[in-house]
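J.: sequence unknown, structure follows:
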């Protein structure tokens with residue numbers, strides 16, 4: 001295997017039946033192969049931002065705090081969560097052109113990264129399904145607005161249609177996805193502004209500000225703490241996509257800034273729109289109130305653009321999931337279309353039970369805080385503090401026990417133990433299922449605790465013991481092998 005010129009790769013890509021190894025596989029991407037420049041990066045991030053969990057999060061926060069307090073909590077929380085997950089992934093995946101799970105190997109080991117892969121795929125497939133349900137609900141509400149009585153199966157049929165459209169976009173590469181986003185993004189910008197304008201002009205700003213939370217907790221400070229936590233968990237939800245986007249950008253500036261601006265600031269604003277709609281209308285799903293507020297023409301037009309945004313978000317998620325599936329033995333050299341079909345199979349559950357699974361959106365937010373925050377903390381420490389932004393690229397793809405990132409039986413057990421410590425820290429500070437919280441939650445969000453404690457445990461363990469132990473077992477020649485002994489790409 002060679003990490004040389006793209007011409008050499010093209011010859012090797014015959015093993016992928018014409019699919020380029022870097023674009024549709026896990027081989028590091030060269031700068032000349034990357035799709036996103038300035039507008040492509042911003043357009044994709046913005047279109048990806050208008051996703052289901054924005055509205056789920058905003059609607060959930062409406063239960064705890066009012067409009068002004070909620071906006072502050074959501075924008076601040078999303079910025080914090082996005083910075084937590086994107087700092088190391090954006091920098092590392094862009095610099096080395098690595099797929100996201102491969103970037104986890106220096107910290108977790110060759111086999112340990114596959115454990116991260118399991119939770120990663122649950123995250124990506126789960127959110128993709130929720131997004132497609134909103135796409136299906138949009139079709140139902142368009143039919144209702146046009147005067148038709150939508151049958152019960154229409155939402156599931158809409159999910160099936162969304163899966164098919166997403167498959168067509170994803171199997172045709174990042175270029176089509178970027179082109180699609182550049183067309184949709186201006187319309188989405190108008191729609192988002194229109195949604196907020198209609199809410200404020202219909203009810204009046206004074207009434208919006210005076211609106212009371214729907215189901216507040218009896219302890220006042222706990223309501224604010226939960227609202228911030230939900231905002232942070234929403235930002236952390238981007239853990240699955242930031243590496244894919246950064247890998248496809250041509251400059252570090254375009255790898256990091258668009259993600260922080262759109263996944264942090266813009267998403268906080270979109271969540272705030274859902275917050276206001278939840279407070280004033282009692283529904284965080286914009287497909288249910290766009291037509292009543294905006295009229296038939298503008299409402300249906302807005303519904304159409306939101307539906308397109310959901311397709312865009314799903315396409316990015318499925319593309320990243322397909323790359324991650326390349327880590328599964330037997331799928332390394334499968335054709336890209338076959339890989340995407342496999343990622344679509346679990347989404348059939350959302351065709352059968354669309355609303356039942358959509359109602360689990362709040363549970364997914366809690367899942368992201370407990371699972372992705374510890375992984376993000378470990379990766380931040382590993383890449384910036386321990387490795388000083390330097391990775392031995394060839395060793396990422398070395399499956400031999402002599403490989404630099406093989407550790408013990410392919411696992412860095414310290415990293416895995418640190419993840420468990422982070423999950424314990426999360427539930428010790430706050431239980432999202434019962435809303436029981438420690439007094440520490442007043443000052444420290446649970447996701448931040450789940451981020452910081454694993455980072456500290458991992459840094460101390462590697463810095464003062466395990467890193468020297470692992471390296472002492474190998475000679476310099478083995479640490480820097482001339483060729484791959486057992487390639488896993």
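T.: All right, it came through fine. Treat the numbers as computed from the prediction; the structure is a model and nothing was measured.

J.: which of the three states applies to residue 389?
T.: coil (DSSP: H, G, I helix; E, B strand; the rest coil).

J.: same thing with residue 402?
T.: coil.

J.: that one: neighbour count?
T.: 17 (other C-beta atoms under 10 Å). Every C-beta, even on glycine, is put in place using the N, C-alpha and C of the backbone.

J.: now the one 10 residues further on
T.: Residues contacting residue 412 under the criterion other C-beta under 10 Å number 30.

J.: against residue 333, how distant is it?
T.: Per C-beta to C-beta, to the nearest Å, residue 412 is found 27 Å from residue 333.

J.: quick one: residue 158 and residue 142 touch, right?
T.: No. In this structure, residue 158 is not within contact of residue 142 by C-beta atoms under 8 Å, at 9.6 Å.

J.: the more surrounded of those two?
T.: residue 158 (26 against 20).

J.: so which strand or helix has the residue nearest to residue 252 when sequence neighbours are not counted?
T.: Among residues not flanking residue 252 along the chain, residue 94 sits closest, at 5.7 Å (C-beta to C-beta, 6 or more residues apart in numbering). If you go by DSSP states H and E, residue 94 is part of helix 67-96.

J.: in that helix, which residues are buried?
T.: For helix 67-96, the neighbour count (16 or more other C-beta atoms under 10 Å) marks 67, 69-96 as buried.

J.: check which helices and strands whichever helix or strand comes after that helix sits against.
T.: Sequence order places helix 100-103 as the next helix or strand after helix 67-96, per DSSP H and E. Secondary-structure packing of helix 100-103 (3 or more C-beta pairs under 8 Å, 6 or more residues apart in numbering; DSSP states H and E): helix 67-96, helix 112-145, helix 239-247, helix 290-325.

J.: tell me how far helix 100-103 is from the chain's mean position?
T.: Its chain's C-alpha centre and that of helix 100-103 lie 14 Å apart, by C-alpha atoms, centre = their mean, to the nearest Å.

J.: so for residue 384, what's the nearest residue that isn't a sequence neighbour?
T.: Residue 384's closest residue in space is residue 88 (C-beta to C-beta, 6+ apart), at 6.5 Å.

J.: how big is the angle separating the helix holding residue 94 from helix 239-247?
T.: Put simply, helix 67-96 runs at 50 degrees to helix 239-247, going by axes from the mean of the first three to the mean of the last three C-alpha atoms, to 10 degrees.

J.: rounded mean pLDDT for helix 67-96, please.
T.: The pLDDT scores in helix 67-96 average 95.

J.: could you check how far the nearest residue to residue 80 once chain neighbours are set aside is from residue 192?
T.: Nearest residue to residue 80, sequence neighbours excluded (C-beta to C-beta, 6+ apart): residue 232, at 5.2 Å. Counting by C-beta to C-beta, the separation of residue 232 from residue 192 is 22 Å.

J.: my guess is residue 63 meets residue 222, correct?
T.: No. When contacts are counted by C-beta under 8 Å, residue 63 is not listed as touching residue 222 (12.0 Å).

J.: how far does stretch 106-118 sit from its chain's centre?
T.: The mean C-alpha position of stretch 106-118 is separated from the chain mean by 18 Å, C-alpha atoms, centre = their mean.

J.: oh sorry, the question was meant for stretch 423-441
T.: 23 Å.

J.: repeat for stretch 269-279
T.: For stretch 269-279 - counting by C-alpha atoms, centre = their mean - the centre lies 20 Å from the chain centre.

J.: good, we can wrap up now.
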